[in-house]
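Student: no sequence for this one, just the structure:
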């Protein structure tokens, strides 16, 4: 899978890609022609990224298009490897929506949802460009626009804290990552991912007891998940419990013999034997 396809799928995973009609209606676009242009341009993003950029530019130069055209162009730029330019454009579109926030409450809610998506996509593009500090700012901008008074937002807020936490690891900010993973857990305590991510961060700063407690919680929620078992083995090895570590890794091999996790488990077992 290409890098662009991977990040395109990641966008769809973290939160759905900006949908055609809600975007246009929220911004006051009513003409059928605009909707058709946006739909065509977004179709080009996946089939011909450069074609999407060219199409969006023509649309913009005609004096129309606004944010929909800019959004399509940004994703096209990402597709042709210009991640920094894509990120700058997505951030500017998000900022533009902040400035143009409508007074009508229902439309303001729609705009806030779109603004959040634009900032998240900007963060992903900055991350693709390895501009991690800028990605952090974009994630923070996305989070600042979401209210936690609506329980329906809990999953989204949790997902964004998880995404920003993983980014903090890339920035070398492990303690900040722990804070973000903790916020994610508070929003969704039934998901093992938050506990597993926080366990890894605790391990990085050598707080092994807290790491073990988080792995224990993750195992309760997902007893046979290979990544949890892998982390369990690592922590056991650090405690000097080689036989128990081997058992955790062997379980991965037995349950998921063809997986990447099984390959890593084999490597870890081999290291145990060498030591």
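Tutor: In hand now; what should we look at? Since the model is a prediction, treat every value here as computed from it, not as a measurement. Numbering: from 1, shown residues only.
Student: what's stretch 139-159 in contact with?
Tutor: Outside stretch 139-159, the residues within contact range by C-beta atoms under 8 Å, 6 or more residues apart in numbering are 14-15, 91, 94, 98, 112, 115-117, 119-120, 122-123, 160-161, 163-164, 167, 183-188, 191, 194. Just so you know, the C-beta spots here come from the backbone N, C-alpha and C atoms, and that holds for glycine as well.
Student: show me which of those residues are buried.
Tutor: 14-15, 91, 94, 112, 115-117, 119-120, 122-123, 160-161, 163-164, 167, 183-185, 187-188, 191, 194 (16 or more other C-beta atoms under 10 Å).
Student: which members of these are positioned in helices?
Tutor: Among the buried ones among the contacts of stretch 139-159, DSSP state H puts 14, 91, 94, 112, 115-117, 119-120, 122-123, 160-161, 163-164, 167, 183-185, 187, 194 in helices.
Student: residue 134 touches residue 83, doesn't it?
Tutor: No. The pair residue 134 / residue 83 is not scored as a contact, 10.8 Å apart, by C-beta atoms under 8 Å.
Student: what touches both of these two?
Tutor: The contact lists of residue 134 and residue 83 share residue 126, where a contact means C-beta under 8 Å, 6+ apart.
Student: neighbour count winner among those two?
Tutor: For the pair residue 134 and residue 83, the greater number of neighbours falls to residue 83 (22 against 19), based on other C-beta atoms under 10 Å.
Student: now do the contacts for that one.
Tutor: By C-beta under 8 Å, 6+ apart, the neighbours of residue 83 are 77, 125, 126, 128, 129.
Student: of all those, which two lie farthest apart?
Tutor: Spatial extent of those (C-beta to C-beta) is set by the pair 77 and 126 at 12.8 Å.
Student: so where's the protein uncertain?
Tutor: 1-32, 99-107, 275 (pLDDT under 70).
Student: helices of the stretch 51-200 of the chain, start to end?
Tutor: 66-79, 83-99, 105-128, 132-144, 154-170, 174-187, 192-204 (DSSP state H, counting those that start in this stretch).
Student: please work out which of the ones you listed is packed deepest.
Tutor: A comparison of the helices of the stretch 51-200 of the chain by mean neighbour count, using mean count of other C-beta atoms under 10 Å, puts helix 66-79 on top with a mean of 25.
Student: centre of the chain to that helix, how far?
Tutor: Remark: helix 66-79 is offset 19 Å from the chain centroid, using C-alpha atoms, centre = their mean, to the nearest Å.
Student: elements contacting that helix?
Tutor: Packing partners of helix 66-79 (3 or more C-beta pairs under 8 Å, 6 or more residues apart in numbering; DSSP states H and E): helix 3-14, helix 20-26, helix 32-47, helix 49-61, helix 83-99, helix 105-128.
Student: got those helices as JSON lines, with distance to residue 69 columns?
Tutor: Formatted as JSON lines, those follow (distance: least, C-beta to C-beta, whole Å):
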{"stretch": "helix 3-14", "distance to residue 69": "18"}
{"stretch": "helix 20-26", "distance to residue 69": "11"}
{"stretch": "helix 32-47", "distance to residue 69": "7"}
{"stretch": "helix 49-61", "distance to residue 69": "4"}
{"stretch": "helix 83-99", "distance to residue 69": "10"}
{"stretch": "helix 105-128", "distance to residue 69": "13"}
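Student: so the most centrally placed residue in the chain versus residue 61, what's the distance?
Tutor: For the chain, residue 163 is the residue whose C-alpha lies nearest the centre (C-alpha atoms, centre = their mean; 4.5 Å). Distance, residue 163 to residue 61, using C-beta to C-beta, to the nearest Å: 34 Å.
Student: cool, residue 259 as well?
Tutor: Counting by C-beta to C-beta - residue 259 and residue 61 are separated by 50 Å.
Student: what's the answer for residue 124, then?
Tutor: Distance, residue 124 to residue 61, using C-beta to C-beta: 27 Å.
Student: what about residue 151, how many neighbours?
Tutor: By the measure other C-beta under 10 Å, the count of residues near residue 151 is 8.
Student: I should have written residue 34 there, sorry.
Tutor: So residue 34, with other C-beta under 10 Å, has 19 neighbours.
Student: go on, residue 251?
Tutor: Count around residue 251 with other C-beta under 10 Å applied: 18.
Student: alright, that wraps it up for me.
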